[in-house]
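need a structure here:
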Amino acid sequence: MAEAILAMRKTMFLLALAATLAAPAHAQAPSPYPSKPVRIIVGFSAGGSTDVLARIVADELRKDWGQPVVVENRVGAGGVLAAEHVAKSAPDGYTLFVQSATHSAIAALKEPTLPFSSVKDFSWITLVATAPNVLVVRADSPLKELPAYIAAAKAKPGEVTYASSAIGGALHLAGETFSHLAGIKLNHIPYKGANEVVAAVLAGTVQSSWSAANAAFPLVSSGKLHAVAIAAEKRFSLMPNTPTFAELGIRGMKSDTWVGVMGPANMPRPLVASLDAQLQKIIVRPDVKEKIAKVGAETVGLGPDAFREMAAAEIALLTDIAKKANIKAE
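As a prediction, the model looks like this:
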């Protein structure tokens, strides 16, 4: 009888121990992702190209996941407020970040003073799309050809003008990169916005400006502006007749307006890989490619490692250019 009771107690102990050991594993089993709404943070106003691309991505994710995907615009400090919010968010995939090339320009000027690291404090997921930047002049300008433009700048250092929409912005740094590579000195004229820049070029107040190719395309196609050269490795689909800088002898001149999806640092690698695979699947869909093309951009699809390397190299290059040109953050 005693042996039977001991055997029963032993059995009950083993069953209880098994249940205790199994309970934590069951409690920690991950829920399928996503199991709740996902936020996509954008650091710019609704209606801009970055915001539009974010909403294209959000719509597709919403359809595929069957979960709400909400685009949230956190405007301020050229995207810094949004970036800081994302950098401090939980790395669980429920806060994502659609960022643009502005990220690199800001980092090049402000990295030591930012409350986050522009590379280390993010998980780099997918480079979605890009539009190269372009040097434009008025259609009747005598500087329509790049050799003439460079010759004029060399003949009168500091007198050929170019405009951009902000001191230290991506387009200002594009102009300084070109100046450095071409061995010329240009006069940068900053304006408060893209519309003022266009108006100044059309009025002849400045001789040239830098612009995202998609933004310049309507005025180039209407004959009001002339695209001198594209700062890309290959010709842009919207402007097939505009040569690249490399074709015209200025090698290494690459400047574009890119948009990619990121998240907070330390997101689990499998989650990053899963999100990248999902985004890669989305951006090759014909209707999505068409929507992105209407914004004037081309789909790219760089994965996490290549995207991170590209951004880090771009930040390093722009930091060097900013130092050489003595550009300070405003």
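
could you break the chain into its assigned domains?
38-130+256-324, 132-248 (automatic domain parsing).

rebuild those domains as CSV, extending it with mean pLDDT and distance to Ser31.
Every C-beta, even on glycine, is put in place using the N, C-alpha and C of the backbone. Shown next, in CSV, are those (pLDDT from 0 to 100; distance: least, C-beta to C-beta, whole Å):
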stretch, mean pLDDT, distance to Ser31
domain 38-130+256-324, 93, 10
domain 132-248, 94, 39
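
reformat those as TSV; add mean neighbour count.
TSV is the format used below for those (neighbours: other C-beta atoms under 10 Å):
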stretch	mean neighbour count
domain 38-130+256-324	19
domain 132-248	19
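
so Leu96 makes contact with Met267?
No: with contact defined as C-beta atoms under 8 Å, Leu96 does not count as touching Met267 (9.5 Å).

can you pull out the strands in the stretch 151-300 of the chain?
161-164, 187-190, 208-212, 225-230, 256-264, 298-302 (DSSP state E, counting those that start in this stretch).

make TSV out of these and add distance to Ala313.
As requested, these are exported to TSV (distance: least, C-beta to C-beta, whole Å):
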stretch	distance to Ala313
strand 161-164	22
strand 187-190	24
strand 208-212	20
strand 225-230	20
strand 256-264	13
strand 298-302	12
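
could you pull out the helices for the stretch 51-200 of the chain?
80-87, 102-110, 146-155, 170-182, 194-203 (DSSP state H, counting those that start in this stretch).

scan the chain for its longest strand.
Ordering each strand of the chain by length in residues (DSSP state E) puts strand 122-138 first.

that one to helix 170-182, inter-axis angle?
For strand 122-138 against helix 170-182, the angle by axes from the mean of the first three to the mean of the last three C-alpha atoms, to 10 degrees is 70 degrees.

describe which strands strand 122-138 pairs with in its sheet and in which direction.
Neighbouring strands of strand 122-138 in its sheet, by DSSP bridges, are strand 208-212 (antiparallel), strand 225-230 (antiparallel), strand 256-264 (antiparallel), strand 298-302 (antiparallel).

let's have those strands in JSON lines, adding distance to Ala77.
Shown next, in JSON lines, are the strands paired with strand 122-138 (distance: least, C-beta to C-beta, whole Å):
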{"stretch": "strand 208-212", "distance to Ala77": "20"}
{"stretch": "strand 225-230", "distance to Ala77": "30"}
{"stretch": "strand 256-264", "distance to Ala77": "17"}
{"stretch": "strand 298-302", "distance to Ala77": "26"}
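
these: which one's closest to Ala325?
strand 208-212 (14.0 Å; C-beta to C-beta).

show me how far that closest one is from its chain's centre.
18 Å (C-alpha atoms, centre = their mean, to the nearest Å).

what about the strands in the stretch 1-150 of the chain?
38-42, 69-73, 95-100, 122-138.

if we can go back for a sec, save the domains of the chain as JSON lines, and put in distance to Pro32 too.
Converted to JSON lines, the domains of the chain look like this (distance: least, C-beta to C-beta, whole Å):
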{"stretch": "domain 38-130+256-324", "distance to Pro32": "10"}
{"stretch": "domain 132-248", "distance to Pro32": "37"}
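
which residue is the nearest non-sequential neighbour of Trp124?
Of all residues not flanking Trp124 in the chain, Arg308 sits nearest, at 3.8 Å (C-beta to C-beta, 6 or more residues apart in numbering).

for the helix or strand in which the one you found is found, packing partners?
Using DSSP states H and E, the element containing Arg308 is helix 304-324. If you count contacts as 3 or more C-beta pairs under 8 Å, 6 or more residues apart in numbering; DSSP states H and E, helix 304-324 packs onto helix 102-110, strand 122-138, helix 170-182, helix 269-283.
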